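# When you get a sec, could you give me coordinates for this:
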Amino acid sequence: DRLAYTSRSGGKADAVRHLKKTMGYRTMVMVGDGVTDLEARPPADAFIGYGGVQVRPKVRDGADWFVTHWREVLMVLGA
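Have a look, this model is predicted:
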């Protein structure tokens, strides 16, 4: 779908901006495993990089928090 945010360069950042504006979210965290996910910070306030399948150095180095197992995130969230 060519109209979808994620179908174009910079689309994930546009999606975050749209959600903040239309839903009134003040703080958003982006989670992803690729460079296009990392590009959504900003406008996302933080970025959790995931390397459970493949560690991408640019994602690891640019992340506010980098994990290789989801249990790390779940433990912090108390889940």
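
# centre of the chain versus the longest helix seen in the chain, how much separation?
For the chain, the longest helix by residue count, based on DSSP state H, is helix 11-23. Centre-to-centre, helix 11-23 and its host chain are 12 Å apart (CA atoms, centre = their mean, to the nearest Å).

# For that helix, list every residue counted as buried.
11-13, 15-17, 20 (16 or more other CB atoms under 10 Å). In this view, the C-beta of every residue, glycine as well, is placed from N, C-alpha and C.

# Where does Arg41 sit: helix, strand or coil?
coil (DSSP: H, G, I helix; E, B strand; the rest coil).

# is it true that it touches Ile48?
No: using CB atoms under 8 Å, Arg41 is not in contact with Ile48; the gap is 9.7 Å.

# show me where this structure has helices.
Under DSSP H, the chain gives helices at 11-23, 35-38, 57-62, 70-77.

# and those as a markdown table, adding distance to Tyr5?
Listed next are these as a markdown table, based on distance: least, CB to CB, whole Å:
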| stretch | distance to Tyr5 |
| --- | --- |
| helix 11-23 | 4 |
| helix 35-38 | 11 |
| helix 57-62 | 20 |
| helix 70-77 | 24 |
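
# quick one, what contacts Trp70?
With contact taken as CB atoms under 8 Å, 6 or more residues apart in numbering, Trp70 is in contact with 50, 52.
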